[in-house]
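Asks: sequence unknown, structure follows:
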């Protein structure tokens, strides 16, 4: 395929961060690998790009942060379609010929869809000791099992009670924010103590309402639960050509 | 304009304007974002590795034993107020998750950029 073969023997490739509408402004930040951030235009679209070495590009900490900051900065100026980390084409011409031109209608459609919208991410997780204390209070049987059951039986009963509590709490959070969301994307939970990890696509005008509702939830559950709430972010979780 | 008697809900949750650390950034850009075509995405060494290693999987037996131990440690006569001082700052799960992701990052980008073998963190 063209994209794969065209990179052979080149010194540099063109890394693409995001696509937005035509804009003369480019970032003064260093790009992934240290290159200068440049715009590549086609009709009324602009790809935010930088040159990267053709060989040996690695997902280093600094580069991951640079990618995120450049996309975030562009998003703060106007609507963008964020691309996945590592998206690299042979050169600037290939950005037009393999991305902007063939996907023009889809990209314009995505930009129109995300106008005025933003992603917020919500994570909530339990403080272990506090939630276990609450669970034992809610299920007196567990306190009795401390004396009568094996550690494995006790632990399994605790884990079951925790899972039920956690699922109910997750549903409450998703319902609360989901009422304001046009779309919801829940990520896989990573620990038993994690209640929810997800992204919500919301109208920017709804941001204050989401702030208020989530803060209310956080207050009600402050004893056992830590919330982490971030946004407004580019719609990382919600861009795909299929959905566009 | 804080009203101390009522307390406002916003005291309990501040929205961060952008991801605050590498773990959060990884979540957003490594396996999210538009994929234009599999073939144009030049292989970036280490990407698949970090997404796999960032998943923290805890075997259920270990979990059961950990919970049992934690519940056995609870002093059930303790009043709720007594626990308040300990509430602050115990972000142990959060820290663990961050540590794991950054550990994974170090594992494959560490030193002079040598590629680490997949599974090097599976011990």
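Replies: That came in fine, so what should we check first? Owing to the predicted nature of the structure, the values given are computational and were not obtained by experimental measurement.
Asks: is it true that residue A:233 touches residue A:122?
Replies: No - if you go by C-beta atoms under 8 Å, residue A:233 and residue A:122 don't touch, sitting 11.5 Å apart. From N, CA and C alone the C-beta is placed, and that goes for glycine too.
Asks: now stretch A:40-49: average pLDDT?
Replies: Mean per-residue pLDDT for stretch A:40-49: 96.
Asks: what about the residue in chain B that chain A sits nearest to, how many residues nearby?
Replies: Using C-beta to the nearest C-beta, the closest approach of chain B to chain A is made by residue B:64 at 2.9 Å. Neighbourhood size, residue B:64 [other C-beta atoms under 10 Å in any protein chain shown]: 21.
Asks: contacts only, for residue A:194.
Replies: Neighbouring residues of residue A:194 by C-beta atoms under 8 Å, 6 or more residues apart in numbering or on different chains: A:123, A:124, A:125, A:126, B:93.
Asks: so, low pLDDT: which residues of chain A?
Replies: Residues of chain A meeting the criterion pLDDT under 70: A:1-9, A:242-244.
Asks: go again with 50.
Replies: Scanning chain A with the threshold set as pLDDT under 50 gives A:1-7, A:243-244.
Asks: still on that earlier bit, check which helices and strands whatever helix or strand the residue of chain B closest to chain A lives in sits against.
Replies: Per DSSP states H and E: residue B:64 is located in helix B:60-73. Under the contact definition 3 or more C-beta pairs under 8 Å, 6 or more residues apart in numbering or on different chains; DSSP states H and E, helix B:60-73 sits against helix A:128-138, helix A:140-148, helix A:151-178.
Asks: before we move on, the earlier item: and residue A:233 and residue A:122? Which one has more around it.
Replies: Set side by side, residue A:233 and residue A:122 show unequal neighbour counts under other C-beta under 10 Å, the larger going to residue A:122 at 26 against 23.
Asks: what touches both of residue A:233 and residue A:122?
Replies: In contact with both residue A:233 and residue A:122: residue A:199, using C-beta under 8 Å, 6+ apart.
Asks: burial count for residue A:69?
Replies: The burial count for residue A:69: 17, using other C-beta under 10 Å.
Asks: now it: closest residue in space, sequence neighbours ignored.
Replies: Leaving aside its sequence neighbours, residue A:69 sits nearest to residue A:29 (C-beta to C-beta, 6 or more residues apart in numbering or on different chains; 6.2 Å).
Asks: all set, thanks.
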